[in-house]
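In: Structural data only, the sequence is not supplied:
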DNA sequence: TTGTAAGCGTTATCAT
DNA sequence: ATGATAACGCTTACAA
């Protein structure tokens, strides 16, 4: 490994000068700059970022904590953050919290320990109190898809309650009255809010909320499969299912078809998130758009502005979901 | 930020002792160990990983370079690597190469500069020569889904040619003779090999290879859409399409249905990769299994063995794709 | 413009 | 078992 020291020797200048040409800021004469650059090239010098960040207390890295590293939802989010930051010459260090309190804490601590200049976190298992505590750390943090009142300027969130309301309202508008709901894990705030929205929509239209037509499942295909299975067994009537995300909806559609139901005539389905594959399902899935990529990009922009002092135009903390109309709802009116 | 120094003061021991209890290895008396631990807890001490890795030349981090951070294929791969490594207490630093030569190089250089203990790379744009050069660096590297003869023990690869052959052979076995092929970008070795496999299968069965029935598209839904559009316009007959990956197949299916084709009766489709959503398409997609998660896990295991000296059982460098039979092929025999 | 030297927070080599 | 102290590779006042 070649160091700044060897470069300085070859170029016959001091350590400081080499450091200066690396950082570009201070003025160095063109002549010496070229000598140094030549020496670097000759030696194949590659700066040691670890040493740089220890000395400068700046890593040019932003930490990103997500629940899972796979899955279309987090994929979109990570990708948006990475793209925005990479364009600004910053690197992203991604780690996973697996929706587990200890692992989420561990992930955040890791990113702090790693000297990240800032952290973008999508945490689900950790308490508001913990967030308030950790937000006091020196490392600036942005919480994505989470709202903590005392930390409003550090939060970027989606109105999930409204999203849930919108989904169920859409079903009702199409004439559905017996609407089942596959909610996400009620340990997650997003899932709780979406379910609350569903219930509000039902209540506003004086539709009964049957517990037998609510199922709490994972945010995955299997959640949809298990949910529909339960509903069918319950012998309750239902013409539509509101799903807490698109993967659940996909599971529902697969299982429904396996059991001879014709979609959407026999069963209407609506999803949530509008991930990439939603438009490639059959029938094309009507869903609620979750602008997770915009939120990720916004988180990056806030950091670019606050931490790296780059000018940014519009900053936004709240996002509203919108309806994406496709073909998975039968009109009963 | 509290440092090892403040801990040593509070515990009334030396810096070295604090360092020792952190690392656990050297023997420290129980009494002092507890004093130190207590001091750490009291001060809320958190080790500075940057300083640690500068001093010890060990970061406990493995770098992972993938082409894209989103998408089901890379999601599976990243997740597999992260899971295996995290279980061993190692962290993963993920960065994206975007299938661009400069960005791939930049990504690898970043991971080296960042002092990663090892690197797992999925590179597509970079030349074999570059790989051979960079593999000489001090940082151990594993190349996933790529084969460079001189670096066989550092490569984990899939027999893509056979995969392509298997896909087309499957169509032929089902009685198809006019088979179109949507190949991936021919700048990527995987795509080239799969197409070669397709051609070999056609040739072995004395079926003509029409250039008008081959389309080179992106590894995304749009590639499938554009490909099928071209084939339809060409006015050539075809009863089946072999796709270079599942996303292309999904695009084909969507477009086919929009144009009134009934699947699989009017058009048979086979994909490649067997990503999660393949089994949720309609009809369920017959495809070629790409054990990318196993390959990712294996890459992690090799590093655990070689770099972190952990015992590992079976090590494997070559993987073979297999057929996943589902419902997207019509039988013409 | 350039050089000197004191850190940055650890680890690791010697002693003791 | 514990403590000094010199690295690790770089940045950054402060001098010159």
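Out: That came through, no problem. As the structure is a prediction and not an experimental result, all values here were calculated from the model.

In: who's in contact with residue A:7?
Out: Contact analysis of residue A:7 by Cβ atoms under 8 Å, 6 or more residues apart in numbering or on different chains lists A:18, A:36, A:39, A:40, A:43, A:45. Yep, even glycine has a C-beta here, placed from its N, CA and C like the rest.

In: Report the secondary structure state of it.
Out: Here residue A:7 is helix, with the state taken from DSSP: H, G, I helix; E, B strand; the rest coil.

In: Quick check: it vs residue B:109, distance?
Out: 16 Å (Cβ to Cβ, to the nearest Å).

In: Wait, residue A:64 touches residue A:114, no?
Out: No - the criterion here is Cβ atoms under 8 Å, and residue A:64 misses it with residue A:114 at 11.7 Å.

In: and whichever strand or helix holds residue A:36, how far from the chain's centre?
Out: For residue A:36, the element it lies in under DSSP states H and E is helix A:30-43. Helix A:30-43 has its C-alpha centroid displaced from the chain centroid by 43 Å (Cα atoms, centre = their mean, to the nearest Å).

In: for stretch A:231-247, same thing?
Out: 27 Å.

In: Please point out which parts of it sit buried.
Out: A:231, A:238, A:239, A:240, A:241, A:242, A:243, A:244, A:245, A:246, A:247 (16 or more other Cβ atoms under 10 Å in any protein chain shown).

In: Stretch A:149-165 too?
Out: For stretch A:149-165, the neighbour count (16+ other Cβ under 10 Å) marks A:151, A:154-165 as buried.

In: Which member of these is positioned nearest DNA strand C?
Out: residue A:154 (24.1 Å; Cβ to the nearest atom of the strand).

In: separation between the closest one and DNA strand D?
Out: 26 Å (Cβ to the nearest atom of the strand, to the nearest Å).

In: Likewise for residue A:136?
Out: Distance of residue A:136 to DNA strand D, given as Cβ to the nearest atom of the strand: 24 Å.

In: pretty sure that residue belongs to a strand, no?
Out: No - with three-state DSSP as the criterion, residue A:136 is coil rather than part of a strand.

In: Out of the contacts of residue A:7, which end up buried?
Out: A:18, A:36, A:39, A:40, A:45.

In: show me what contacts the second one?
Out: The reference is to residue A:36. A:7, A:8, A:11, A:13, A:17, A:18, A:21, A:28.

In: And for residue A:150, nearest residue in space, chain neighbours not counted?
Out: Leaving aside its chain neighbours, residue A:150 sits nearest to residue A:132 (6.0 Å; criterion: Cβ to Cβ, 6 or more residues apart in numbering or on different chains).

In: Show the backbone phi and psi for the residue lying closest to residue A:290 once chain neighbours are set aside.
Out: Spatial nearest neighbour of residue A:290, excluding adjacent residues (Cβ to Cβ, 6+ apart): residue A:273 at 4.4 Å. Main-chain dihedrals, residue A:273, degrees, to the nearest 10: phi 120, psi -40.

In: Tell me the confidence at residue A:273?
Out: If you check residue A:273, the pLDDT there is 98.

In: Just give the number of residues close to it.
Out: 28 (other Cβ atoms under 10 Å in any protein chain shown).

In: Also residue A:17?
Out: So residue A:17, with other Cβ under 10 Å, has 21 neighbours.

In: Now do the SS call for the nearest residue to residue A:178 once chain neighbours are set aside.
Out: Leaving aside its sequence neighbours, residue A:178 sits nearest to residue A:238 (Cβ to Cβ, 6+ apart; 4.5 Å). Three-state assignment for residue A:238 (three-state DSSP): coil.

In: near DNA strand C, which of the contacts of residue A:36 show up?
Out: A:13, A:17, A:28 (Cβ under 7 Å from any atom of the strand).
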